[in-house]
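[1] Let me see the structure of the following:
(chains A and B)
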Amino acid sequence: MDSVLSQIISVTFLVTFIRSVTPLLLTGLGGLFSERSGVVNIALDGLIIFGALAGAVVTQVTEPRLGALAPWLGWVTGALVAGFIAWIHAVLSIKYRADQVISGTAINLLASGVPSVILAALYGTSTESPKVNNPLPLWGVGDLKFSPPVYFAALMVPVAWYVLYRTPYGLRLRATGEQPGAAASMGVNVQRMRYSAVILSGLLGGTAGVFMSIGNLSAYTRNMSAGMGFIALAALIFGQWKPLGVLGATLLFGFLQALSLTLDGRDILPSSLVTVLPYLITILVLVFTGRSAAPKALGKPYGDH
Amino acid sequence: MLNYIASGIFVFLIGSNTFPLFGKQRNLPFKAPGDEAQSYELHPGARLPTLLQLLNVGTPDQMKLSLGWVFALVAYALGRVFLRRNNSSLISAVLALVVGALTWRVGVPVQIEGSQLNLAFLLALLCAALFGTLMWRTATGYALRAVGLSPKAAEYGGISVAKNTVLAMTLAGMFAGLAGTHYVQGGALDSYRLKGNMPVNVGFDGIAVALMGQSTPLGVVASSALFGTIDTGGVDVSIKMTGLNRDIVTVLKALVVLFIAAGGFLSRRVTDPPAPVLLKAAGATGKAENAPVVPAAQEGAVNASGLPNVARSSEEKTREGGK
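    Numbers count the residues shown, from 1 in each chain, chains lettered A, B, ... in the order given. Sure, this is the predicted structure:
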């Protein structure tokens, strides 16, 4: 048991931990914007997948010409593609007043089909893209080296807090999620606020995907999100729809994931059950948190088209 | 999230026969010998019969498909049409049962290759009927629907929201769990056992099917028939056409759901063109869609002429009107 403890208090574990937290944090913050504006975004998981796929494919295609610049282009494209998919979700749930859970489910369904079709068309295999030679660079000192999205995620927490609580945009966004009618009467364009928030969640979710495909690994593999989007949603609820709360919740869930990765392959518990732990504890945690702090207008379409 | 937990337990149970526990190796009895992750084959008595076996009234070599159920259905329909009494449905049901039992031995010889269509199909139809009865013919169903429509009103009406939510989830789990019988007891995966390649996407498709069926039993049966056709067609097509990726089927299903979720995505001007009178009135101000409140007399005229009720809806389009 001592060896396990010493393994947890180590640099390797810290690196694993931070790498597990990053996509959760980015996705959770994305979900934060969307849900604070009143749009349920269950499509986060799909957004991660689209971001990861676009990032990997664009990097792989532009690599010969752009070299080390390619992953950066991949990052931008991944974020934009996920933003575009989020825009579809926004159009459905804002303009056409679709049930937001259903439209999100449709996006997730799309994310489980489209990547294989694209991969099959480009590379002839439907499970993974070829490895890129230039993944995102690693920045840092000594053993603590991370790809840029990690720093980006850390930066996004104060930025999200500042935007939400200290800017007119944030005030309008929160008002839109709480009382769209009141916001509209004060001259806020509710629809436009919601569009921007959902697209923002796509950009952030896509960045999380890009981190997973060309930051953490160097290729897109099928089902690489592994329910990350849903865990991020759980973190959002557990964090009571607040940036710092989301940070705390993702730190907890990320720790559990890193723990399961570290315990995996050791003979304490069967590895198949260890991988279950993060999900199981996430559910248990959710049992003890209510939806009390949810934005009041969450999930309700506003106005007519 | 539960599906990841389920898959973890799944792998734990049938992935390997030994597992480490705090440094010791323990044994599990589930995995069948061999490389593949699968359980032992079910005892023949625990298998669901296929529909062919069920309806076969000849010998196993000389298949004769029973026609009793056709006669029973016809008898039921006739009973419903011609009996003009209060309890006609009960009488025709009894009539159908009697006719079905009497004509059960009547069969036509058929030559069908083995198919995995099994009793689970009838089970599913039965569940749809059960669901319909429960939701629209019992007090429990009324409570469930009330909670779904308006939790607050239900609470004030003395219906416990928490209790009914738990009940709804339990029922949902029971129905979904029955889907497993098709794959394991029904042998739809070519052998009567738990295997690693359970089609887990069926669960997600189920959400879409329920949506398309608008959560009514008949609608769900119809939309699941559509999704089943798309799925089976996808398998067929991917076998016959090498250039086609099998997952195009998933994309197709996703698009179906997307467009259904969007409802009428065509502009109102296409599906419900405004009346000429309105267009003329709006000509002075701009677009018909943004026309200001139409004078009451004109609105009456439009409605009286039997044209679509556009005047009212354009009034609702203003921000306060839409609330």
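[2] for the one residue in the stretch 151-300 of chain B that gets nearest to chain A, what are its contacts?
    Nearest residue of the stretch 151-300 of chain B to chain A (CB to the nearest CB) works out as B:Thr250 at 2.9 Å. Any C-beta I mention is one placed from the backbone N, CA and C, and that applies to glycine too. For B:Thr250, the contacting residues are A:Leu109, A:Leu110, A:Ser112, A:Gly113, A:Ser116, B:Asn201, by CB atoms under 8 Å, 6 or more residues apart in numbering or on different chains.
[3] what's the helix or strand for it?
    Element membership for B:Thr250, per DSSP states H and E: helix B:248-261.
[4] what distance separates that helix from the centre of its chain?
    Once both centres are worked out by CA atoms, centre = their mean, to the nearest Å, helix B:248-261 turns out to sit 15 Å from its chain's centre.
[5] and it, average pLDDT?
    The average of the pLDDT scores along helix B:248-261 is 83.
[6] Go through it and flag the buried ones.
    Residues B:Ile248, B:Val249, B:Thr250, B:Val251, B:Leu252, B:Lys253, B:Ala254, B:Val256, B:Val257, B:Leu258, B:Ile260, B:Ala261 are the ones in helix B:248-261 that count as buried (16 or more other CB atoms under 10 Å in any protein chain shown).
[7] again, but for stretch A:284-297
    Here stretch A:284-297 shows A:Val285, A:Leu286, A:Ala294, A:Pro295, A:Ala297 as buried, counting by 16+ other CB under 10 Å.
[8] which one of those residues sits closest to A:Leu233?
    A:Leu286 (9.8 Å; CB to CB).
[9] same for whichever strand or helix holds the closest one, what does it pack against?
    Secondary-structure assignment from DSSP H and E places A:Leu286 in helix A:277-287. Using 3 or more CB pairs under 8 Å, 6 or more residues apart in numbering or on different chains; DSSP states H and E as the contact criterion, the elements in contact with helix A:277-287 are helix A:228-238, helix A:243-263, helix B:2-15.
[10] any idea how far the second one is from the chain center?
    When you say that, I think you mean helix A:243-263. Centre-to-centre, helix A:243-263 and its host chain are 14 Å apart (CA atoms, centre = their mean).
[11] Could you identify which of the helices and strands packed on helix A:277-287 is most buried?
    When you average the neighbours per residue for each of the helices and strands packed on helix A:277-287 (mean count of other CB atoms under 10 Å in any protein chain shown), helix A:228-238 leads with a mean of 26.
[12] Going along the chain, name the strands of the chain.
    Because you didn't say which chain, this covers chain A. Under the criterion DSSP state E, chain A contains strands at A:139-141, A:144-146.
[13] that's the wrong chain, I wanted chain B
    So, for chain B - with DSSP E - the strands run B:18-21, B:24-27, B:64-66, B:107-109.
[14] Okay, now the sheet partners of the second one, with direction.
    This means strand B:24-27. Here the strand partners of strand B:24-27, with direction, are listed using DSSP bridges: strand B:18-21 (antiparallel).
[15] can I get the CA coordinates of the strand it pairs with in CSV?
    Listed in CSV are the C-alpha atoms of strand B:18-21, where the atom choice follows Å, rounded to 0.1, in the frame of the first residue of the first chain:
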residue,chain,number,x,y,z
THR,B,18,-9.4,-14.3,-12.4
PHE,B,19,-9.0,-10.9,-10.9
PRO,B,20,-6.6,-9.4,-8.5
LEU,B,21,-7.8,-8.2,-5.1
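[16] Low-confidence bits of the stretch 151-300 of chain A, can you list those?
    Low-confidence segments of the stretch 151-300 of chain A (pLDDT under 70): A:264-268, A:290-292.
[17] where does it come near chain B, residue by residue?
    Selection of the stretch 151-300 of chain A residues close to chain B by CB under 8 Å from any CB of the partner chain yields A:181, A:184, A:226-227, A:230-231, A:234, A:266-270, A:272-273, A:275-276, A:279-280, A:282-283.
[18] how does it look with 6 Å?
    A:181, A:184, A:227, A:230, A:267-268, A:270, A:272-273, A:275-276, A:279-280, A:283 (CB under 6 Å from any CB of the partner chain).
[19] Quick check: chain neighbours aside, which residue is closest to B:Gly107?
    B:Lys64 (3.5 Å; CB to CB, 6 or more residues apart in numbering or on different chains).
[20] Show me where the stretch 51-200 of chain B dips below the pLDDT cut-off.
    Flagging of the stretch 51-200 of chain B using pLDDT under 70 yields the residue ranges B:57-63, B:110-115, B:197, B:200.
[21] Please name whichever of the contacts of B:Thr250 scores lowest on pLDDT.
    Within the set of the contacts of B:Thr250, pLDDT is lowest for B:Asn201 (75).
[22] nearest residue to B:Gly206 other than its sequence neighbours?
    Take B:Gly206 and drop its neighbours on the chain: the residue closest to it by CB to CB, 6+ apart is B:Ala176, 6.8 Å away.
[23] returning to that earlier point: out of the contacts of B:Thr250, which sit inside helices?
    Within the contacts of B:Thr250, residues falling in helices by DSSP state H are A:Leu109, A:Leu110, A:Ser112, A:Gly113, A:Ser116, B:Asn201.
[24] center of the chain, which residue is that?
    Just going to use chain A. The geometric centre of chain A, computed from its C-alpha atoms, lies nearest to A:Thr27 (CA atoms, centre = their mean), at 2.1 Å.
[25] my bad, chain B
    Mean-position check on chain B, CA atoms, centre = their mean. Result B:Val220 at 3.3 Å.
[26] For the closest residue to A:Gly83 other than its chain neighbours, give me its contacts.
    In space, and not counting its chain neighbours, A:Gly83 is closest to A:Gly202: 3.9 Å by CB to CB, 6+ apart. Taking CB atoms under 6 Å, 6 or more residues apart in numbering or on different chains as the definition of contact, the neighbours of A:Gly202 are A:Leu47, A:Ala82, A:Gly83, A:Ala86.
[27] How about B:Gln116?
    B:Gly187, B:Ala188.
[28] if we can go back for a sec, quick one: which of the contacts of A:Gly202 has the most company?
    Neighbours were tallied for each of the contacts of A:Gly202 (criterion: other CB atoms under 10 Å in any protein chain shown), and the maximum of 39 neighbours falls on A:Leu47.
[29] Show me which residues of the stretch 101-250 of chain B are close to chain A?
    Residues of the stretch 101-250 of chain B lying near chain A (CB under 6 Å from any CB): B:Ile207, B:Leu211, B:Asn245, B:Asp247, B:Ile248, B:Thr250.
[30] can we see that at 7 Å?
    Taking CB under 7 Å from any CB of the partner chain as the criterion, the stretch 101-250 of chain B approaches chain A at residues B:Asn201, B:Phe204, B:Ile207, B:Ala208, B:Leu211, B:Asn245, B:Asp247, B:Ile248, B:Thr250.
[31] Show me how to select, in PyMOL, the buried members of the residues you listed.
    Buried residues among these (16+ other CB under 10 Å), as a PyMOL selection:
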select buried, chain B and resi 204+207+208+211+245+247+248+250
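[32] what's the closest of the residues of the stretch 101-250 of chain B next to chain A to A:Gln191?
    Nearest to A:Gln191 among those is B:Leu211, at 24.0 Å by CB to CB.
[33] who's in contact with that closest one?
    Counting by CB atoms under 7 Å, 6 or more residues apart in numbering or on different chains, B:Leu211 makes contact with A:Ile102, B:Val257, B:Ile260.
[34] What does the pLDDT read for it?
    Among the per-residue scores, B:Leu211 shows a pLDDT of 79.
[35] Which one of the strands of chain A lies nearest to A:Gly55?
    Nearest to A:Gly55 among those is strand A:144-146; the distance by CB to CB comes to 16.5 Å.
[36] just the buried members of the ones in helices among the contacts of B:Thr250?
    The neighbour-count test (16+ other CB under 10 Å) applied to those identifies A:Leu109, A:Leu110, A:Ser112, A:Gly113, A:Ser116 as buried.
[37] Report the two of the residues you listed separated the most.
    Going by CB to CB, the pair spanning these furthest: A:Leu109 and A:Ser116, at 12.6 Å.
[38] quick one: buried residues of stretch A:173-181?
    Residues A:Leu173, A:Arg174, A:Ala175, A:Thr176, A:Gly177, A:Glu178, A:Gln179, A:Pro180 are the ones in stretch A:173-181 that count as buried (16+ other CB under 10 Å).
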